[in-house]
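>>> take a look and give me a structure for this.
(2 chains)
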There are 2 protein chains.
Amino acid sequence: MKPKLTLKQIARELDVSVSTVSKALRDSVEISEETRLKIKAFAKLYNYKPNNIALSLKNRKTRTIGLVLPEIVHDFFATVISGIEEVANQKGYNVLICLSNNSFDREVMNMEMLANGSTDGFIISVAKETQQKEDYHHLEEVINQGMPIVLVDRVVDQLTCDKVIIDDSEGAKNAVQHLIDSGCKKIAIITTVDYVSVGKLRTDGYLEALTSNNIEIDEDLILKIENVDQSQDEINEFLLTREVDGIFTVNEQFATSAVKAINLKGKSVPEDVLVFSFSDGELSRRFIPSISTVDQHGAAMGAKAAELLIERLENTVEEENFQTALVKTSLIERESSRRIKSSAV
Amino acid sequence: MKPKLTLKQIARELDVSVSTVSKALRDSVEISEETRLKIKAFAKLYNYKPNNIALSLKNRKTRTIGLVLPEIVHDFFATVISGIEEVANQKGYNVLICLSNNSFDREVMNMEMLANGSTDGFIISVAKETQQKEDYHHLEEVINQGMPIVLVDRVVDQLTCDKVIIDDSEGAKNAVQHLIDSGCKKIAIITTVDYVSVGKLRTDGYLEALTSNNIEIDEDLILKIENVDQSQDEINEFLLTREVDGIFTVNEQFATSAVKAINLKGKSVPEDVLVFSFSDGELSRRFIPSISTVDQHGAAMGAKAAELLIERLENTVEEENFQTALVKTSLIERESSRRIKSSAV
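Residues are numbered from 1 along each chain as shown, chains lettered A, B, ... in the order given. Predicted coordinates:
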């Protein structure tokens, strides 16, 4: 039997993108008629079976949930998975995980594979590249054909489906307020580029906290980073040339880099500078000093997403009644933000 | 359409274990005739379709690899996944991931689901509980029916299939030799309980290094831990009551706990005690002091496993010619094992 033709192979053969193939096959007007006809003719010639969601719906229940995540190297998504697995297993569902590696094309291909009869529904956190492109046709297609999707953490406002988010901006605001209450006057933020939705929301929370305390916003104290894993030099340079007494970071990787940069200046955390971070993980817990963090409750988010999806699969909710569940963050204070009182001499 | 009956449901209904159901359905003599007949009758009554590997083989190629891993919260398996994904994607294969959470029952159920037409073959690292039970019937069944399996890292000697391992014992030996060469005379080891195969091999490497340097083995300097995530107290107590100048740990979590325990004694790493660890991850890289580690090359192991599996799926290797690929470890020296020369006064 011949291997099944995939979107990727069609794209390669015709020298177009996976997204173009996917859109052409569903007659998107975004693709020129010439290209559409060429792609559809090719697909027909090689007997390509598109994303056969109808088949999958007929074959329900597989009692399987498809989970598409951007990456798992950082702790957060691992905790989301554990929350999903716990609820799913309790209710007799299996979980199949696919990684997009933050690539739009891989996300489209993962969904193509999983929608093809293996799963009853999806839990998805969209790839960075998908957010950047703002191309959600693959998600819209699945939703339009009646397969339930729950978006988690990195959600897309314009999609009509269940969503699970945390109060990113509120959590960040509380963390920065904590720094202000501890006496910090010059608080820097180390965050991600704006198109990453959660980074943007956390930056908003930082700005809100400053404004509501009548602290002037200093653009020079805001560092936006593109690549989390290669940011130490950038953070060193940023902190070496600025005098700050508090730092808020949107993830724990940035927090540990900030501690190192402060040490390079011959100063220390928390003696000279307080640090508060977003997203609690093994790194924050085990670091010396241990890092104060906003706990994202990844497991709770995963559990909620699994509950919402299973309710929909088992038709225990009204069809059009989509909800956005908000999981509350909480602050975990550890050594990095604990003001060390100078003893009287 | 009624949901598909699963092994777990049969087990629950008849109040026996998943393993008993699975074995009874393949007529294992380990199960009493009475129980076997009861289970088979029940399965027949409810039209249970066993692990339909024959169907899956007929439907090849799905061009999908099933990956069953014990957990992903620690960095190592995340790197294994990245290596598998890279090779698989290059060669036009998708990867479906399932987690056993170190549970034998979940591993059996994951394989049941994936063998049922979703995948062409498996890459597996067996659950801790499976190693403890020494029950490999679910793997044997898949192998006997002609579906290729590659075992990675946590392998099982008695199974006839391709395997990818690292030189755990050699890597540990080299790390301990490094401590000895740096002048350490009393070297402790913090390791896992013996039934975890890689922990056992690393302990062997530690013992070998001592023996080949004519250092007497002191059982009192060997700590074996059951639960990695709740071991700080145990490690504190162990190190507070022993005088050592070097510590070898089988994972980076133990290494950071050891640094903390040494700090509690009012001593420091590397000034008073050198630390060398196994398995390189974000924690080792970012910790202060950064932790010297044996690099397991998880991505290389994953890549090799994917290559071996794809070769077998595409019949480019001889059928009975199974191989065990050995990925070499290397030492990454960082701050925790760097002897700080005492300056002449």
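
>>> run through the strands of the stretch 151-300 of chain A in chain order.
Per DSSP state E, counting those that start in this stretch, the stretch 151-300 of chain A carries strands over the ranges A:162-166, A:187-192, A:222-225, A:246-249, A:274-278, A:292-295.

>>> okay, angle between the longest one and strand A:274-278 too, please.
Angle between the axes of strand A:187-192 and strand A:274-278 is 30 degrees (criterion: axes from the mean of the first three to the mean of the last three CA atoms, to 10 degrees).

>>> hey, C-alpha coordinates of strand A:187-192 in CSV?
This file holds the C-alpha atoms of strand A:187-192, laid out as CSV (Å, rounded to 0.1, in the frame of the first residue of the first chain):
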residue,chain,number,x,y,z
ILE,A,187,11.4,48.6,38.7
ALA,A,188,12.6,47.1,35.4
ILE,A,189,10.7,44.5,33.4
ILE,A,190,12.2,41.8,31.2
THR,A,191,9.5,40.5,28.9
THR,A,192,8.9,39.0,25.5
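
>>> for that strand, packing partners?
helix A:168-181, helix A:197-212, strand A:222-225, helix A:232-240, strand A:246-249, helix A:252-264 (3 or more CB pairs under 8 Å, 6 or more residues apart in numbering or on different chains; DSSP states H and E). No exception for glycine: its C-beta is placed from N, CA and C like everyone else's.

>>> quick check: A:Y93 touching A:R63?
Yes - counting by CB atoms under 8 Å, A:R63 is a contact partner of A:Y93 at 5.2 Å.

>>> the more surrounded of these two?
A:Y93 (23 against 20; other CB atoms under 10 Å in any protein chain shown).

>>> how near is the more buried one to A:N315?
15 Å (CB to CB, to the nearest Å).

>>> ok, residues contacting stretch A:149-156?
Residues outside stretch A:149-156 that contact it (CB atoms under 8 Å, 6 or more residues apart in numbering or on different chains): A:70, A:76, A:80, A:121-126, A:131, A:136, A:139, A:142-143, A:159, A:161-166, A:196-198, A:301-302, A:305, A:308-309, A:312, A:324.

>>> which of these count as buried?
With neighbours counted by 16 or more other CB atoms under 10 Å in any protein chain shown, these contain buried members at A:70, A:76, A:80, A:121-126, A:131, A:139, A:142-143, A:159, A:161-166, A:196-198, A:301-302, A:305, A:308-309, A:312.

>>> contact partners for A:V198?
A:V198 neighbours (CB under 8 Å, 6+ apart): A:D153, A:R154, A:D168, A:V250.

>>> just name the most buried of the helices and strands packed on strand A:187-192.
Highest mean neighbour count of the helices and strands packed on strand A:187-192: strand A:246-249, a mean of 29 (counted as mean count of other CB atoms under 10 Å in any protein chain shown).

>>> neighbouring strands - and their directions - for that strand?
strand A:187-192 (parallel), strand A:274-278 (parallel) (DSSP bridges).

>>> quick one on the thing from earlier: export the helices and strands packed on strand A:187-192 as TSV, with columns for mean pLDDT.
Listed next are the helices and strands packed on strand A:187-192 as TSV, based on pLDDT from 0 to 100:
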stretch	mean pLDDT
helix A:168-181	97
helix A:197-212	94
strand A:222-225	96
helix A:232-240	96
strand A:246-249	98
helix A:252-264	96
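
>>> now distance to B:G281 too, for the ones you listed, in a markdown table please.
A markdown table is the format used below for the helices and strands packed on strand A:187-192 (distance: least, CB to CB, whole Å):
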| stretch | distance to B:G281 |
| --- | --- |
| helix A:168-181 | 26 |
| helix A:197-212 | 24 |
| strand A:222-225 | 21 |
| helix A:232-240 | 16 |
| strand A:246-249 | 20 |
| helix A:252-264 | 12 |
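
>>> and A:K44, which of the ones you listed is closest to it?
Smallest distance to A:K44 across the helices and strands packed on strand A:187-192 (CB to CB): 38.4 Å, for helix A:197-212.

>>> run the chain-centre distance for that closest one.
How far helix A:197-212 lies from its chain's middle: 17 Å, per CA atoms, centre = their mean, to the nearest Å.

>>> CA atoms only: put that helix into PDB for me.
Extracted in PDB, the C-alpha atoms of helix A:197-212 (Å, rounded to 0.1, in the frame of the first residue of the first chain):
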ATOM      1  CA  SER A 197      -0.100  37.300  23.800                       C
ATOM      2  CA  VAL A 198       0.800  36.300  27.300                       C
ATOM      3  CA  GLY A 199       4.000  38.400  27.300                       C
ATOM      4  CA  LYS A 200       2.000  41.400  26.200                       C
ATOM      5  CA  LEU A 201      -0.700  40.900  28.900                       C
ATOM      6  CA  ARG A 202       2.000  40.600  31.600                       C
ATOM      7  CA  THR A 203       3.700  43.800  30.300                       C
ATOM      8  CA  ASP A 204       0.300  45.500  30.600                       C
ATOM      9  CA  GLY A 205       0.000  44.400  34.200                       C
ATOM     10  CA  TYR A 206       3.400  45.900  35.000                       C
ATOM     11  CA  LEU A 207       2.400  49.200  33.400                       C
ATOM     12  CA  GLU A 208      -0.900  49.200  35.300                       C
ATOM     13  CA  ALA A 209       0.800  48.600  38.600                       C
ATOM     14  CA  LEU A 210       3.200  51.500  38.100                       C
ATOM     15  CA  THR A 211       0.500  53.900  36.900                       C
ATOM     16  CA  SER A 212      -1.900  53.100  39.800                       C
END
